[in-house]
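Peer 1: I'd like to go over a predicted model; first the sequence, then the structure.
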Amino acid sequence: MIAQPKASHFVDGAYVEDTQGAKIEVIFPATGEVIAELHEATPSIVDRALASARRAQAEWARVRPVERSRILRRAVDLIRERGEELAQLETLDTGKPIQETRVADWPSGADALEFFAGLAPTVTGETVPLGQDFVYTLREPVGVCVGIGAWNYPSQIACWKSAPALALGNAMVFKPSEVTPLGALKLAEIFVEAGLPAGLFNVIQGRGAVGAALVTDPRTDKVSLTGSVPTGQKVYAAAASGIRNVTMELGGKSPLIIFDDASVEDAVGAAMLANFYSTGQICSNGTRVFVQKGIKTQFLKRLKERAEAITLGDPRKDDTQLGPLVSAAQLDKVMGYVEKAKSEGGTLVTGGKRAPMNDGFYVEPTVFADITDDMTLAREEVFGPVMAVLDFETEAEVIGRANATEFGLAAGVFTADLARGHRVIGQLQAGTCWINAYNLTPVEAPFGGMKMSGVGRENGRAAVEHYTQVKTVYVGMGPVDAPY
Ligand code: NAD
């Protein structure tokens, strides 16, 4: 066991263990080895986490915003100082190549903490003049926030949720995915070292039932989930019984539309980033690549050449570009979609097989052409390195087809005609869009989905809305005019 943490949970400023909780084995996806053993939170751990968060939040809400920011800034420095060590742990936890975890995961988490540390002291209410009387508003914290994470960007998700929550005066109880439980514990350690008071950021482990216990507890004021649509439906419904505030970051089946005037080289590069980065396990991936007929042959030829040059391998090695999927279950699911695409008539351009390496959960980078809108590969989220290429002829046609999905997380357009780029994006039903770029998600920009892909936004100023609540204060300046 090479990544065993000091204990399973981090509650009220310290590691805690309760071996009564069911076991969770952490598996290194590149080899199938067990690298750590943890336990699910028992009801007593859940209770301690929420109680400490409640207590700590009441005091934290009274701390000056600049002082809260100073603590978060120190956490940013610690994350950056330990960047290499944290990247290595993230690679063990997720199987993602070290060349990605060094630049994307924790670095993006540190950016979020830095951004919200800077923003929090500028968050103010407004005054509303009413002649003699007036109203002022306060933006108060929501209270105790529960964060529930997915396994694809575990440490980034923990940071993206805790950064606005803590900066704006809330406490958080975070439950990582049971598949990737390690990074969030490091974040909890770093926060305490940076001076964050005990209880403000607790990490407890567990499967869905532990998440459900957190969501329905009366001490929980808000729930922020990153996960699949079916989980989102359950969590949203459970939160509704207590009229709890929610942020839902869910799945997608996003269109990436490539017009025939676009640079083929750029479009191929973007389509590969949109399907193969993090072994295709990214919610906003452009997994329906619509290519205008005039450049189809050229596009597929270049895509095949570049996909076949990708270096698969041990994610701990510097030159590995594509690692394994996160788990054996995910491997089975992805291979099921590959077989279905073949049987439903997709043309396999490249890949399509497991890549057996050290018992890891590897799949070759895979491209299917001639996918039609009714095929499973065009409708369901695969979450693996499997690209579906669809043909189209006209702008109006592709807009209609791109929108014909229950999801609305992301969308991209490649064209040399910027007027067309804006016109098309203006008609796409998606919360996060790109023109001549794909999957760039700087923390300065709001991120989130429309339709079944989510509620609320993370990052950017927009997140302030979701981690504060408005208090309206009417101030009467004259005598009370009562009719009795
Ligand atoms: P998942 O839905 O299986 O699990 C997400 C989290 O919810 C896990 O921590 C899980 O333990 C917890 N959970 C499960 N049932 C629960 C319940 N009833 N109550 C409370 N918590 C419960 O998702 P996953 O397989 O971990 O992640 C992949 C999915 O996440 C994909 O659909 C992907 O698109 C989505 N995702 C979305 C974003 C985004 O920002 N929009 C980012 C990353 C991943």
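Peer 2: Noted; the coordinates are in hand.
Peer 1: So what's the residue count around Gly109?
Peer 2: For Gly109, the count of nearby residues is 29 (other CB atoms under 10 Å). In this view, the C-beta of every residue, glycine as well, is placed from N, C-alpha and C.
Peer 1: hang on, it in a strand?
Peer 2: No: counting by DSSP: H, G, I helix; E, B strand; the rest coil, Gly109 falls outside a strand, being helix.
Peer 1: Name the nearest residue to Gly346, sequence neighbours excluded.
Peer 2: Nearest non-adjacent residue to Gly346, counting by CB to CB, 6 or more residues apart in numbering: Phe368, 3.8 Å away.
Peer 1: same thing with Asp370?
Peer 2: Spatially, and ignoring its direct neighbours in sequence, Asp370 is nearest to Thr347 (4.4 Å; CB to CB, 6+ apart).
Peer 1: So in terms of bridging, what pairs with the one you found?
Peer 2: Beta-bridge pairing of Thr347 under DSSP bridges involves Ala369.
Peer 1: what about it, distance to Ile282?
Peer 2: Using CB to CB, to the nearest Å, one gets 24 Å for the distance from Thr347 to Ile282.
Peer 1: Between those two, tell me which one has more neighbours.
Peer 2: Just comparing Thr347 and Ile282: by other CB under 10 Å the higher neighbour count belongs to Ile282, 23 against 13.
Peer 1: correct me, but the more buried one touches Gln156?
Peer 2: No: if you go by CB atoms under 8 Å, Ile282 and Gln156 don't touch, sitting 10.9 Å apart.
Peer 1: which residues are contacting stretch 39-51?
Peer 2: Contacts with stretch 39-51, where a contact means CB atoms under 8 Å, 6 or more residues apart in numbering, come from 8-9, 11-12, 16-24, 144, 173, 175, 178, 202, 204-207, 209-210, 213-214, 217, 219-220.
Peer 1: Go again with 7 Å.
Peer 2: With contacts defined as CB atoms under 7 Å, 6 or more residues apart in numbering, stretch 39-51 is touched by 8-9, 11-12, 16-24, 144, 173, 202, 204-207, 210, 213-214, 217, 219-220.
Peer 1: Cross-reference these with the strands and report the matches.
Peer 2: The strands, defined by DSSP state E, take in 9, 11, 16, 23-24, 144, 173, 202 from the contacts of stretch 39-51.
Peer 1: Give me the contact status of stretch 241-255 with the ligand.
Peer 2: Yes: on the criterion CB under 6 Å from any ligand atom, stretch 241-255 is in touch with the ligand at 249-252.
Peer 1: Start and end of that stretch, how far apart?
Peer 2: Criterion CA to CA, to the nearest Å; first-to-last residue distance in stretch 241-255 is 35 Å.
Peer 1: Could you number the chain from 673 rather than 1 from now on?
Peer 2: Sure, I'll start numbering at 673, so the last one becomes stretch 913-927.
Peer 1: Gly1126 and the ligand, how far apart?
Peer 2: Here Gly1126 is placed at a distance of 6 Å from the ligand (CB to the nearest ligand atom, to the nearest Å).
Peer 1: Could you double-check that that residue lies in contact with Glu921?
Peer 2: Yes: at 5.3 Å, Gly1126 counts as touching Glu921 under the criterion of CB atoms under 7 Å.
Peer 1: Between the two, which contacts overlap?
Peer 2: Counting by CB under 7 Å, 6+ apart, the residues touching both Gly1126 and Glu921 are Gly1120.
Peer 1: picking up where we left off before, pull out the buried residues from the ones in strands among the contacts of stretch 711-723.
Peer 2: Among the ones in strands among the contacts of stretch 711-723, those classed as buried by 16 or more other CB atoms under 10 Å are 681, 683, 688, 696, 816, 845, 874.
Peer 1: What number of neighbouring residues does Ile699 come out with?
Peer 2: Ile699: 21 neighbours (other CB under 10 Å).
Peer 1: brain fart, Leu764
Peer 2: Around Leu764 there are 26 other residues, counting by other CB under 10 Å.
Peer 1: got it, and the one 5 residues further on?
Peer 2: The tally of other residues near Pro769 (other CB under 10 Å) stands at 28.
Peer 1: Contacts only, for it.
Peer 2: So Pro769 contacts 987, 992-995 (CB under 7 Å, 6+ apart).
Peer 1: Flag every residue of the stretch 723-872 of the chain that's near the ligand.
Peer 2: Within the stretch 723-872 of the chain, the positions adjacent to the ligand are 820-824, 847, 849-850 by CB under 6 Å from any ligand atom.
Peer 1: What about those, which are in helices?
Peer 2: Applying DSSP state H to these, no entry is found in helices.
Peer 1: what two of those residues are the furthest from one another?
Peer 2: For these, the farthest-apart pair by CB to CB is Asn824 and Lys847; their separation is 15.6 Å.
Peer 1: When those two are compared, which one has more neighbours?
Peer 2: Between Asn824 and Lys847, Lys847 has the larger neighbour count (other CB under 10 Å), namely 30 against 23.
Peer 1: picking up where we left off before, how many other residues sit next to the residue nearest to Gly1018?
Peer 2: When neighbours are counted by other CB under 10 Å, Phe1040 comes out with 27.
Peer 1: My guess is it contacts Ala1060. True?
Peer 2: Yes: in terms of CB under 7 Å, Phe1040 counts as a neighbour of Ala1060; the distance is 5.4 Å.
Peer 1: show me the residues around Trp778 that make contact.
Peer 2: Per CB under 7 Å, 6+ apart, neighbours of Trp778: 751, 755, 758-759, 762, 827.
Peer 1: quick one on the thing from earlier: any chance of the residues of stretch 913-927 next to the ligand in JSON lines, with secondary structure and pLDDT too?
Peer 2: Rendered in JSON lines, the data for these read as follows (DSSP: H, G, I helix; E, B strand; the rest coil; pLDDT from 0 to 100):
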{"residue": "Glu921", "secondary structure": "strand", "pLDDT": "98"}
{"residue": "Leu922", "secondary structure": "coil", "pLDDT": "98"}
{"residue": "Gly923", "secondary structure": "coil", "pLDDT": "97"}
{"residue": "Gly924", "secondary structure": "coil", "pLDDT": "98"}
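Peer 1: Neighbour-wise, which one of those leads?
Peer 2: Gly924 (31 neighbours).
Peer 1: ok now do it, which residues does it touch?
Peer 2: With contact taken as CB under 7 Å, 6+ apart, Gly924 is in contact with 955-956, 1053, 1079, 1081-1082, 1121, 1125.
Peer 1: Can you tell me which of these has the most neighbours?
Peer 2: For those, neighbours were counted using other CB under 10 Å, and Ala1082 has the most, 31 neighbours in all.
Peer 1: Dig out what it forms beta bridges with.
Peer 2: Beta-bridge partners, per DSSP bridges, of Ala1082: Thr1104.
Peer 1: Thr1104 is in contact with that one, correct?
Peer 2: Yes: using CB under 7 Å as the test, Ala1082 is close enough to Thr1104 to be in contact (4.5 Å).
Peer 1: related to what we said a few turns ago, what's the most distant pair in the contacts of Pro769?
Peer 2: Maximum distance among the contacts of Pro769 (CB to CB): 9.7 Å, for Pro987 and Gln993.
Peer 1: okay, these two: which has more neighbours?
Peer 2: Set side by side, Pro987 and Gln993 show more neighbours around Pro987, with 27 against 17, by other CB under 10 Å.
Peer 1: Wait, a helix at that one?
Peer 2: No: applying three-state DSSP, one finds Pro987 to be coil, outside a helix.
Peer 1: okay, it: pLDDT?
Peer 2: Looking at Pro987, its pLDDT reads 98.
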